[in-house]
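Undergrad: quick one: sequence and predicted model below, then my questions.
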Amino acid sequence: MDQVMALVTNAPSGGAISRRVTITGEPGDILLKPLYTGICGTDRGIIAGKLPFAYNPVGYDFLVLGHESICSVVESDVSGFKAGDLVVPMVRRPGKCLNCAAGRQDNCSDGDKHEAGITGKHGFMREQFRESSRYVVRVGDSSLSRTGVLTEPTKNVMKLFEVFSVISGRSIYPTPDYSFQGKHAWIIGTGSEGFLFSFMAREQGFDTFMTNRHSVDEGRLGIMDQFGINFVDYSRDFDTAVKDIDLLIDTSGDPTTILRFTQRVRQNGIVFLFGTNGRAPDGAMSGVMVDHLVEKNITIAGSVDGAKRHYEQAVSYISKWTHEHPRAMSALITNEEPASSVDPFKRGNSNGIKTIISWK
Ligand code: NAP
Ligand code: ZN
């Protein structure tokens, strides 16, 4: 393939530059052009050299960044795709384990998979790339040419709720009318994943609470308002406001906070660990907490990534939410930057929810 402009790093040592690259021999029956790519904490961690598990593809001394994207098909050698179609490429490529062989590389048993823009596979922050159509998800709704960039983070949400349905089925979890109305979902953290989990909790009928250790800006409160989500600043209101949790989803990765909220999870409740923060201080679990977990049948589960069908579900929900709450969905994307700049990687995310890069 010809040279293309790309945003690259040298994993795992880090750094980010915009430069022309030549990448040859990537398998693929479909040529894609990104319209937008998203930046998340993993990208910032890689360029800061803080993620030792990141590595360059074999034979390269660089790694093209990016695993969140919405792309347009440039040309296709397979039926079912044509130039101009909107698509989202998947992040993970399977290894050799049985889960990977079954298309469930999100549940890889031995860690021998690759992730675009993270571990041994070039990512999507480049002008064009070849992709195998097997790992490409169709986006039928042409109005998702911008918010479709949220498909990748949303597929994590779809998987987690699928695992939730498995775990919650071990007892009579719903209310007497067999809905989740009146049940309480709490989501720790007010970043993009926190919002997407909260939207899905509302879809399921939960009374939904987002929470952080400080107040949040008007922009975030406006999005919550449109989706009917409550907000609690737990640094002020923990004792009075935080109670009767049926579903707790953590996006902070902070053990102390997770344990504090888990104390308020009630019978047959479910705690999902989703956020990761290897630098967070240790949290200590007390004997009282062990009793609480045991006596109340509380499940704590981790959830990572998602399978192709979770991407497909994500596309459906992003379409629904974009039509029902267009202002809120657009407001999730707080920063748009040109593809020529690596500055957005260096900035933190403190003022924004989701930063995207435009390749148009
Ligand atoms: P993000 O924008 O950094 O969101 C993290 C949120 O947690 C922020 O709102 C942050 O608030 C909040 N937070 C941090 N410490 C807290 C505490 N002690 N109490 C309450 N809130 C706290 O990241 P994201 O993109 O939404 O992703 C969320 C997490 O999921 C990240 O850790 C990411 O690495 C992880 N992740 C996991 C998967 C998976 O498959 N499991 C996939 C993607 C991402 P402030 O910004 O105000 O500090
Ligand atoms: Zn595997």
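TA: That came through fine. None of these values were measured; they are calculated from a predicted model. Ligands and ions are numbered 1, 2, ... in the order given.
Undergrad: and the nearest residue to Gly275 once chain neighbours are set aside, how many neighbours does it have?
TA: Spatially, and ignoring its direct neighbours in sequence, Gly275 is nearest to Gly253 (3.6 Å; C-beta to C-beta, 6 or more residues apart in numbering). Using the backbone N, CA and C atoms, a C-beta is placed for each residue, glycine as well. Using other C-beta atoms under 10 Å, Gly253 is surrounded by 18 other residues.
Undergrad: surely Gly253 meets Gly302?
TA: No. With contacts counted by C-beta atoms under 8 Å, Gly253 stays clear of Gly302, the gap being 11.0 Å.
Undergrad: average model confidence for stretch 76-95?
TA: For stretch 76-95, mean pLDDT rounds to 97.
Undergrad: list the buried ones in that stretch?
TA: Applying a neighbour-count criterion of 16 or more other C-beta atoms under 10 Å, one finds 76, 81, 85-95 buried in stretch 76-95.
Undergrad: and that stretch, anywhere near ligand 2?
TA: Yes. Contact between stretch 76-95 and ligand 2, assessed by C-beta under 5 Å from the ion, occurs at Gly95.
Undergrad: can you check the pLDDT for the residue nearest to Gly275?
TA: At Gly253, pLDDT is 96.
Undergrad: repeat that for Ser358.
TA: At Ser358, pLDDT is 97.
Undergrad: so what's the backbone phi/psi at it?
TA: Ser358 adopts backbone torsions of phi -90, psi 130, taken as degrees, to the nearest 10.
Undergrad: got a list of what it touches?
TA: Ser358 makes contact with 35-36, 336-339 under the criterion C-beta atoms under 8 Å, 6 or more residues apart in numbering.
Undergrad: quick one: which of the residues you listed is most hemmed in?
TA: Tyr36 (23 neighbours).
Undergrad: roughly how far apart are that residue and Gly148?
TA: Plainly put, Tyr36 is 8 Å away from Gly148 if you go by C-beta to C-beta, to the nearest Å.
Undergrad: by mean pLDDT, point me to the weakest helix or strand of the protein.
TA: Sorting the helices and strands of the chain by mean pLDDT, DSSP states H and E puts helix 343-346 at the bottom, at a mean of 76.
Undergrad: rewinding a little: dump the contacts of Ser358 to a markdown table, plus secondary structure, pLDDT and distance to Arg138.
TA: Below are the contacts of Ser358 laid out as a markdown table (DSSP: H, G, I helix; E, B strand; the rest coil; pLDDT from 0 to 100; distance: C-beta to C-beta, whole Å):
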| residue | secondary structure | pLDDT | distance to Arg138 |
| --- | --- | --- | --- |
| Leu35 | strand | 98 | 15 |
| Tyr36 | strand | 98 | 17 |
| Glu336 | strand | 94 | 24 |
| Glu337 | strand | 93 | 27 |
| Pro338 | strand | 93 | 28 |
| Ala339 | coil | 92 | 24 |
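Undergrad: could you dump the residues you listed to TSV with distance to Phe195?
TA: Below are the contacts of Ser358 laid out as TSV (distance: C-beta to C-beta, whole Å):
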residue	distance to Phe195
Leu35	21
Tyr36	18
Glu336	17
Glu337	20
Pro338	25
Ala339	25
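Undergrad: going by distance to Phe199, which of these wins?
TA: Nearest to Phe199 among the contacts of Ser358, counting by C-beta to C-beta, is Tyr36 at 19.5 Å.
Undergrad: list the contacts of the closest one.
TA: 69-70, 146, 149, 336, 356-360.
Undergrad: whichever of these end up buried, select them in ChimeraX.
TA: Those of the contacts of Tyr36 that count as buried under 16+ other C-beta under 10 Å are selected in ChimeraX with:
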select :69,70,146,149,356,357,359
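Undergrad: list just the nearest of the contacts of Tyr36 to Glu324.
TA: The shortest approach to Glu324 among these belongs to Arg146, at 16.3 Å (C-beta to C-beta).
Undergrad: the nearest residue to that closest one once chain neighbours are set aside pairs with what?
TA: Leaving aside its chain neighbours, Arg146 sits nearest to Tyr36 (6.2 Å; criterion: C-beta to C-beta, 6+ apart). For Tyr36, the beta-bridge partners under DSSP bridges are Ile70, Ser358.
Undergrad: so how far is ligand 2 from Tyr36?
TA: For Tyr36, the distance to ligand 2 equals 29 Å [C-beta to the ion, to the nearest Å].
Undergrad: in terms of helices and strands, where is the residue most central in space within the chain?
TA: The chain has Pro153 as the residue nearest its centroid, 2.6 Å off, counting by C-alpha atoms, centre = their mean. Pro153 belongs to helix 151-168 when assigned by DSSP states H and E.
Undergrad: show the contacting residues for Gly253.
TA: 273, 275-278, 280.
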